[in-house]
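1. Generate coordinates for the sequence data below:
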Amino acid sequence: MTYRRLLLAVLAIGLIASLYVAARRERHEHRANRVEIVMDDADFVSLARSYAYDQRAFLVALRQAGLTSLAVQEELGGQVAVSPSAALYAGTALLAQARLTGFRDPVFARLAVHGIRSDEVYLVAYDRETSSRYARQLALKFSKRAVRVLRAGVPAVYAIRTQPDYFATVGLGLPGDRVALAHELGLKLVPRLQNDERFKPPQIAALLGDAVEHHDAHTVVFFGLRNQVVGYPNAIDATAAVMHAAKLTFGTVETYDVKQNQAGSEALAKDLPDATVRVQAIAKTEQDKLRPEEIVQRYELGVRERNVRVVYLRPFAHQWDERSIEASNVEIVRQIAAGVRAAGLRVGPASPFERFVTRPWEIALASLAVPAILLLLLAEFGIGDRRWLIGFVIVDVALVLAGFALHHDMAVRKVLALAGGIAFPVAAFAAIAPAFGAARASSMGGAILDGVRVLVIATLVTLCGALVVVGLLSTPLTMTEIDRFSGVKLVLAVPPLACLLLYLFTPRWGSKLTPTTLSEAPVTVLQLVAGLVLLAAGYLVLARSGNQSDIAPSTLELALRSHLSSILQVRPRFKEFVVGFPALMLLPALVPADRARWGWLFALAIGVGLADVVDTFSHLHTHLSVSVLRLINGAVIGVIVGAIAIVAYRRFRRGEPT
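-> So this is what the prediction gives:
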């Protein structure tokens, strides 16, 4: 067997193993098909009270529209003042009242006799359920010496030795009336619990156990002034153990700024890889600037393309067309639920990805594609032999096994995925090298067919690289974006540069340029301007990569994106159907003079488009079928744009020699 056939055989093994992992991933993505639509209870109550809406009727309408759950947060000490079932008094205020008017209540009268303390706050519960909840929560948050029970019956009175400003931030459990309302209306409960950094495993078990035992919780979304998960920083494992035993799902809130991440969320998700779901929310200040259509579209996009399984809503405080504010919110929920179903998903309690373990031998086999494609590239330039293959394979397998042995397998897999994500687009560029010197087709149809053939070859080779990235990096943590592929920007940047350098300095693509001639050639103003424009374009491509960047898209681009998403369901990438694919189509139709003059630009454009194909699949939190559909849409539109470009070019270059 020849050296090249051996390389192709090793490459085939790696691709088959990657395809096996991708197929398993697709099955898991298909099963995690329930999306929970949640309303923030605190903001809902605020809106309903502001406009005197009947909360029960309002929630019933939202439930009928598709709302599944109510997110009820712990009552904070500072919120007791507005509670209908409790009251809070500072010791200093009671001392002032005792001196001025005295007390009618015998408990406070006796307390005044025995002494009211200025360093205490006094909590009153007017019903048995609230009294029982306060008793449980005060025992969790304060020591026994800090809490005195002044009256055990109803109304119950507690004296807590603390400062009012601190007590205002203390969680006092989930309000019973809100929980009861949710159950009565058939809404699932999403508890929003606050961390206390002093919590030990017993307190964590009591806090989460209370949410399950008394409130039948399913998905938990943590909150708090310090934005921490329960158990942070030293007891996260205990939180994970309790949640696993109670079959609770952890909702990790999607953010685009690392500073906004909940402290401890990554560690907790790693402990609960098969019980973590992505939560998408829009900040209140941002939502006020959006139109309802934009809110709906953003949530639909998150559900369809970013594996969001909890849509966390805040009520919309404005009218939508001729609808009332109440009807506007109902319509928003109805359209989001319809969008979830249109995406082939179901509305219900959020379903996480089931745990699937990629075994070391699977990753070792999938990783073989990386040394194989690197050696195939080198072989194009006469470098390498069987000894190289043996050495590369041994190093590759040793790296993978060492990574698993040292529990740093993901670091090794990311490095290999990065190498494959860069090498395959470059290999695709090498595969279409004959097109840079091929004769032009005599007919228009022949030119278009030649362009399609070149596009298909380049795309298929590049898709192998995307498959390797998927095979090496697909885990529940990457699919929920807890763990990220940090080499995405390099995948975008390196292949275009590599394609340009290969075109300029190797004869395979027909260029006669050498480093010496390049250094001796004068630089014109036009070349300088073109270089600056390309550098600026490259910077924008890298800065704009990712779901959100500091450089916002223009209004025209946003409108075009919206229309493409509405028409095609999944929006293709501009770098593919506007830049890369049309360049691949047009390349065989160029006359020799234009190939010589503009070949470098086509090499760069093709590199950009092919790198973006791998980048599409490098966003591992996107459903695999969505990435495939995105590529298909881009290829179809790219062929159409390319065909139009060929027609225009041939008419412009009519009569030129072939």
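2. shaky segments in the stretch 251-400 of the chain?
-> Using pLDDT under 70 as the threshold, the predicted model of the stretch 251-400 of the chain has low-confidence ranges 257-258.
3. oh, I was asking about the chain
-> For the chain, the stretches with pLDDT under 70 are 1, 112-114, 214-215, 257-258, 512-566, 655-658.
4. again, only this time at 80
-> Of all residues in the chain, those with pLDDT under 80 make up the ranges 1, 97-116, 210-216, 225, 256-260, 355-357, 486-487, 510-569, 653-658.
5. ok, which stretches of it are strands?
-> Taking DSSP state E as the test, the strands found in the chain are 34-40, 69-73, 86-90, 120-125, 147-151, 156-161, 188-192, 219-220, 249-253, 276-281, 308-313, 346-347.
6. Tell me the buried residues in the fifth one?
-> It stands for strand 147-151. Using 16 or more other Cβ atoms under 10 Å as the test for burial, strand 147-151 gives 147, 150-151. (Glycine included, C-beta is placed from N, CA and C.)
7. likewise stretch 439-457?
-> Neighbour counts over stretch 439-457 (16+ other Cβ under 10 Å) mark 440-441, 447-448, 450-452, 454-455, 457 as buried.
8. With stretch 77-86 instead?
-> When neighbours are counted by 16+ other Cβ under 10 Å, the buried residues of stretch 77-86 are found to be 77, 79-80, 83, 85-86.
9. One more: stretch 370-382?
-> Residues 370-377, 379-380 are the ones in stretch 370-382 that count as buried (16+ other Cβ under 10 Å).
10. Just the ones of those in helices?
-> If you go by DSSP state H, the buried residues of stretch 370-382 have 370-377, 379 in helices.
11. which one of those residues sits closest to R387?
-> Proximity of those to R387, judged by Cβ to Cβ, is greatest for L375, which lies at 11.0 Å.
12. quick one, phi psi at D274?
-> Main-chain dihedrals, D274, degrees, to the nearest 10: phi -100, psi 10.
13. Report how many residues lie close to it.
-> Neighbouring residues of D274 were enumerated by other Cβ atoms under 10 Å; the total is 14.
14. For it, give its distance to T622.
-> As for D274, its distance to T622 is 20 Å (criterion: Cβ to Cβ, to the nearest Å).
15. was I right about S367 contacting A419?
-> No: assessed by Cβ atoms under 8 Å, S367 is found out of contact with A419, at 9.5 Å.
16. neighbour-wise, which of those two wins?
-> The neighbour comparison of S367 against A419 (other Cβ under 10 Å) goes to S367, with 29 against 19.
17. Show me the helices in the stretch 251-400 of the chain, by range?
-> All helices of the stretch 251-400 of the chain, identified by DSSP state H, counting those that start in this stretch, fall at 265-271, 284-287, 292-305, 325-342, 360-367, 369-379, 386-405.
18. Run the angle between the fourth one and strand 308-313 for me.
-> Following axes from the mean of the first three to the mean of the last three Cα atoms, to 10 degrees, one obtains 170 degrees for the angle between helix 325-342 and strand 308-313.
19. List the buried residues in helix 325-342.
-> Neighbour-count burial for helix 325-342 [16+ other Cβ under 10 Å]: 325-326, 328-337, 339-340.
20. What of the fifth one?
-> Along helix 360-367, the positions that meet the burial threshold by neighbour count (16+ other Cβ under 10 Å) are 362-367.
21. I'd like to know which of those is nearest to R304.
-> Within the buried residues of helix 360-367, the smallest distance to R304 is 27.4 Å, found for A366 (Cβ to Cβ).
22. residue contacts, that closest one?
-> By Cβ atoms under 8 Å, 6 or more residues apart in numbering, the residues touching A366 are 14, 17-18, 21, 468, 471-472.
23. Quick check: the farthest pair among the residues you listed?
-> G14 and V21 (10.9 Å).
24. Mutual contacts of those two, please.
-> 366, 471.
25. just to revisit the earlier point, any idea which of the buried residues of stretch 77-86 is closest to L406?
-> Once Cβ to Cβ is applied, the member of those that ends up nearest L406 is G77, at 47.0 Å.
26. The closest one against Q163, yeah?
-> No: taking Cβ under 8 Å as the definition, G77 is not a contact partner of Q163, at 10.5 Å.
27. if we can go back for a sec, columns distance to F617 on top of the buried residues of strand 147-151, output as CSV?
-> Converted to CSV, these look like this (distance: Cβ to Cβ, whole Å):
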residue, distance to F617
V147, 56
L150, 64
R151, 65
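28. Check those residues against P496 and report the nearest one.
-> Using Cβ to Cβ, V147 comes nearest to P496 of those, at 66.0 Å.
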